[in-house]
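Asker: This is a predicted model, with the sequence first.
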Amino acid sequence: RKASYIREAYLVVRDIEKRSTWKFPHHELTSNGDLVVNKGGVVSAYAALKGARNEPAITAQEKKAAAKHILKHYRELLKQEKIEEIPQDLLDMVKEFEEMEKKEVAGTNTEQNEKTETINSSETSTENASAGETQNPKDEEESEGEGKEAKADGEVEGKEQDVNLLDLVDRLKETEEGLDELFLAYSKIEEVLNEALSNQE
């Protein structure tokens, strides 16, 4: 109960055991031991939070939490008709913090989606490579019967595919998901080789 009282009575509490880390008090204890909001304390705490005397030595995260906390009490005072309005700069401050949170969440979601798309693309490429699918069947059909020139073109194309496959392997090695895909592809290739060797015997 003591800890919850302290966290409610102060806007910033870094260490519940160290009173020197409790900042911006805005409550008072009644004779019955109840913790109640003090209007003057709320006004003073908000003035200190926004740097009326000097910029408070707190982190951006602490300031965001403190702004939301003090706004809650301003709304309580407004509902009790102890104040006529909530300071506009407090509303603007909280709104700015909320917009920043939305951007951070949106940025995180975008990053996760891009990562998922990359993994899916790598999985598809690995499956195609493991199954030995031909990238350009039409080109292969046109190259049949063209003699040495066609053979040379085929060798160049084969080298390009080898390089692309090596690049794909290097990319897959950078993530745990990619390593899993490489292991599956390796297992499949090993199975095919063992089967081919058995048939030769």
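Answerer: Here it is on my side, so go on.
Asker: CA only for contacts and neighbour counts going forward, please
Answerer: Noted.
Asker: Give me the helices and strands touching the one helix or strand residue 8 maps to, please.
Answerer: Residue 8 is located in helix 2-9, with elements delineated by DSSP states H and E. Packing partners of helix 2-9 (3 or more CA pairs under 8 Å, 6 or more residues apart in numbering; DSSP states H and E): strand 27-29.
Asker: As a check, name the ranges of all strands in the chain.
Answerer: Assigned by DSSP state E, the chain shows strands spanning 10-13, 22-25, 27-29, 35-37.
Asker: so for the last one, what's the average pLDDT?
Answerer: Read that as strand 35-37. The average pLDDT within strand 35-37 is 92.
Asker: who does it touch, helix- and strand-wise?
Answerer: By 3+ CA pairs under 8 Å, 6+ apart, strand 35-37 packs against strand 27-29.
Asker: how does it look with 10 Å?
Answerer: helix 2-9, strand 27-29, helix 60-79 (3 or more CA pairs under 10 Å, 6 or more residues apart in numbering; DSSP states H and E).
Asker: Going by neighbour count, list what's buried in the longest one.
Answerer: Spelled out, it's helix 60-79. Of the residues in helix 60-79, 63, 66, 67, 68, 69, 70, 71, 73, 74, 77 count as buried by neighbour count, 16 or more other CA atoms under 10 Å.
Asker: Redo these as JSON lines? Include distance to residue 6 and pLDDT.
Answerer: Output for the buried residues of helix 60-79, formatted as JSON lines (distance: CA to CA, whole Å; pLDDT from 0 to 100):
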{"residue": "63", "distance to residue 6": "17", "pLDDT": "95"}
{"residue": "66", "distance to residue 6": "14", "pLDDT": "96"}
{"residue": "67", "distance to residue 6": "17", "pLDDT": "96"}
{"residue": "68", "distance to residue 6": "17", "pLDDT": "96"}
{"residue": "69", "distance to residue 6": "13", "pLDDT": "96"}
{"residue": "70", "distance to residue 6": "15", "pLDDT": "97"}
{"residue": "71", "distance to residue 6": "18", "pLDDT": "97"}
{"residue": "73", "distance to residue 6": "15", "pLDDT": "97"}
{"residue": "74", "distance to residue 6": "19", "pLDDT": "97"}
{"residue": "77", "distance to residue 6": "20", "pLDDT": "96"}
